[in-house]
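# What would the 3D arrangement of this be:
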Amino acid sequence: MSRGHYDYRRLDSEEHAAEPEHEAVEMGNLYAPMAENELQELDHESPHTHDRWRHQKNLDRFFRRCYRYYRGKGLGCMVSASVFDFIIVLFVAFIITFLLYCVDYNALVSRIGNNNTPCPGSGSEAIPLFATDLFSADCHGPAPMSLQRLSTLPPFSIAMLSLSGLGWIFCFLTFVLGIPELVEMKIFYRDVLKISSDELQTVPWSVVLKRLIEAQRVHQLCITVRELDQLDITNLITRRTNYMIALYAKNTLPTEISVPLLGEWQFMPLLLQWNIDYVLSRCIFDGYSNVRPRVMSDDPRDHQIVASALRFHFKLLGVCCFLLAPFIFVYRVALFIFQHSDEIRNFSGRVSSRHFSPYAQWKLRDFCEVDHYFQKRLARCYTPSKEYVAMFSSEWLTIIARFLSVLLGGFFFTLIALGFVLDEGFFLAHLTPERSVTWWIGVSGVLLAVCRSLIPDENLVFDPATKMHVIALHSHYLPDGWRGREGSPAVLAEFGRLFQFRIVTFLEEVMGSLVVPYLLIFRFPRHTDNLVRFFRTHTSSQKGIGDVCTYALFGSRQTATARIAETSLDDVPDTVVDIPFQPSDSKMEHSLINFKMHNEDWKPDDASSVFLASASAAAAVASNMPLTDSVPVNEQSGLNLHNSLLQPSKPRLGTLDFSQL
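Numbers count the residues shown, from 1 in each chain. Take a look at the predicted model:
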């Protein structure tokens, strides 16, 4: 059977192929429904037919709300955090507007220059600058600062502020209208899950999952199946995230740009991620996060319609981002300065530190991994990653940094000490003809923080292979090209793309206001056919939870096997044949182990159980431990299994190794 005539919606199991015709997934309906007699039987048997929690029409949205409520630590914390976020946006917008339009910098410079000059004919003494009112005019000129200048804003600025204000009002009203849902979720946690607001602060997510499973049994949140397990619920929460992980892992999205002296660079600012998510939600997914029927259709004309819609939305958003580029640029710069002002003031050097880039956060994430588990893994990678990079510090740069640290430190603390001994006027005195003591304190402090960040820990031992293994143990990422070459500059450069300086990420976000419109208008429209093909060939319809990414099923190979078996590759150009992962990737195996490690009570299928048993045996041999038939049920045994996958002779999960198909 050719690709164009195969029904992709009946690939999840042989049981689906034998179901009656009325059980087919209908247009716009997320969940494959039960037969009518099954629904009647369930309604008759359930004592909760009129339960308010029964039959949640949009399970994705319901379980995502459950998870967001858990992450937000309850109603009070979520409302407070959102209100403060809205206030921060207003504050940043006000400061930007004030600095751009309410300050007469010529008058301010004149006021500073006439600091020691009394008004002519007044006979009075000069008034120090810190004792003057910068919002009032004097004999030297108009007021340097005045809110009245807002009445003379240019039309373009008025339009930008009005547009931003409407956006803020829309978001605020959306938040206010969403408060009843938060109240409803509080009631659900309290009455159904039996978790109070105080308990929510410390309860593990695995406990919440167990109680959600029990709630399904009692209240029938989903009426198309009798039970949901941990994997089903997690798939509903991370449905779109799993697709995005696969998209980035397969480099389907054209996010690479050429940077002079650096070569190809994976460019993934938040602005680009937001636009991609919006376009996919409009063109690929329906209101229930189900893949639209046109994408899964056998008719090539439907695929062209979806591809055309993708091209239109990418170009439209690209034009919008281009028009808003000045505002986005100023806002990102101001927000970065305000967020890191404390680090700059205290010279902690955090601004010059490293973190995992946005590209790394998609590259390293496992399938069916909720946000806080992933952040926990990255946190465990941070210290060894920092130590690994520090091993490659340049000796001559370290010598220069130590020398400058001594000079700058002495200069900085001398000025601070004199400021404490003398009166406050010392900080306003000019140390050089045009710069005050305060200015030199600020500059020397920042330079001192940068120099100290370049000095490695004197107790650091050069052992990149061991440190890289520790990183890989938690990141689940160790390309074959890195093995045995952990100490080479090439591997360091590749790892540096994942673990990059915060200032580089900031520059990416700032430059995103200029580069993202180009990518959306010119690059992404040329890859829309690949996007449609990706979702069509990597989607499996599962009874009870709807369409999910094939890789998120963990041992359910039936879908992939049936799809490829029924597809004639002779009918498809070689450039279209899509191999999900290379055999050395092990992403599927790491994802399975990671999920089992966090959900000890989850019962995998036979194929996954066989792999976990074989991986346990390999881990036991590597650790000189007695062989057992047990699968990972705690964190330590899970780390041992991850470690076995990092070995050159790692065990393979045949049912998950789609590259063998």
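# So residue 258 lies in a helix, does it not?
No - Residue 258 is assigned strand when assessed by DSSP: H, G, I helix; E, B strand; the rest coil, not a helix.
# so what's the nearest residue to it once chain neighbours are set aside up against?
Sequence neighbours aside, residue 264 is the residue nearest to residue 258 in space, at 6.2 Å (criterion: CB to CB, 6 or more residues apart in numbering). All C-beta atoms are positioned from the backbone trio N, CA, C, and that covers glycine. Counting by CB atoms under 8 Å, 6 or more residues apart in numbering, residue 264 touches 256, 257, 258.
# Could you rerun that using 10 Å?
Residue 264 sits next to 256, 257, 258, 497 when contact means CB atoms under 10 Å, 6 or more residues apart in numbering.
# The chain: strands as residue ranges?
256-259, 263-266, 354-356, 499-501, 539-542, 546-549 (DSSP state E).
# The third one pairs with which strands, parallel or anti?
Using DSSP bridges, strand 354-356 pairs in its sheet with strand 499-501 (antiparallel).
# Now the partner strand: buried residues?
Within strand 499-501, the residues that count as buried by 16 or more other CB atoms under 10 Å are 499, 500, 501.
# just how off-centre is it within its chain?
Centroid separation for strand 499-501 versus its chain: 15 Å, with CA atoms, centre = their mean, to the nearest Å.
# I'd like the mean pLDDT over it, please.
Across strand 499-501, the average pLDDT comes to 90.
# Kindly report the same for stretch 474-494.
Mean pLDDT, computed over stretch 474-494, is 89.
# re earlier: and the buried residues of strand 499-501 as JSON lines, adding distance to residue 523?
What follows is the buried residues of strand 499-501, written out as JSON lines (distance: CB to CB, whole Å):
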{"residue": "499", "distance to residue 523": "26"}
{"residue": "500", "distance to residue 523": "22"}
{"residue": "501", "distance to residue 523": "26"}
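# Out of the strands of the chain, which is closest to residue 439?
strand 499-501 (25.6 Å; CB to CB).
# and the nearest residue to residue 194 once chain neighbours are set aside, how far is that from residue 233?
Once flanking residues are discounted, residue 194 sits nearest to residue 211: 6.9 Å by CB to CB, 6+ apart. Counting by CB to CB, to the nearest Å, the gap from residue 211 to residue 233 is 11 Å.
# Which one's more surrounded, those two?
Higher neighbour count among residue 211 and residue 233: residue 233, with 24 against 15, using other CB atoms under 10 Å.
# follow-up on the earlier one: deepest-packed of the strands of the chain, please.
Burial among the strands of the chain, expressed as mean neighbours by mean count of other CB atoms under 10 Å, is greatest for strand 546-549, which shows a mean of 26.
# That one packs against which elements?
Strand 546-549 sits against helix 230-237, helix 239-249, helix 528-537, strand 539-542, with contacts defined as 3 or more CB pairs under 10 Å, 6 or more residues apart in numbering; DSSP states H and E.
# can you redo those as a markdown table with mean pLDDT and distance to residue 55?
Compiled in a markdown table, the helices and strands packed on strand 546-549 are given as follows (pLDDT from 0 to 100; distance: least, CB to CB, whole Å):
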| stretch | mean pLDDT | distance to residue 55 |
| --- | --- | --- |
| helix 230-237 | 92 | 15 |
| helix 239-249 | 91 | 19 |
| helix 528-537 | 92 | 28 |
| strand 539-542 | 87 | 18 |
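# Of all those, which one is nearest residue 372?
helix 230-237 (11.6 Å).
# What residues does the closest residue to residue 418 other than its chain neighbours make contact with?
Once flanking residues are discounted, residue 418 sits nearest to residue 426: 6.0 Å by CB to CB, 6+ apart. Residue 426 makes contact with 415, 418, 419, 420, 436, 437, 438, according to CB under 10 Å, 6+ apart.
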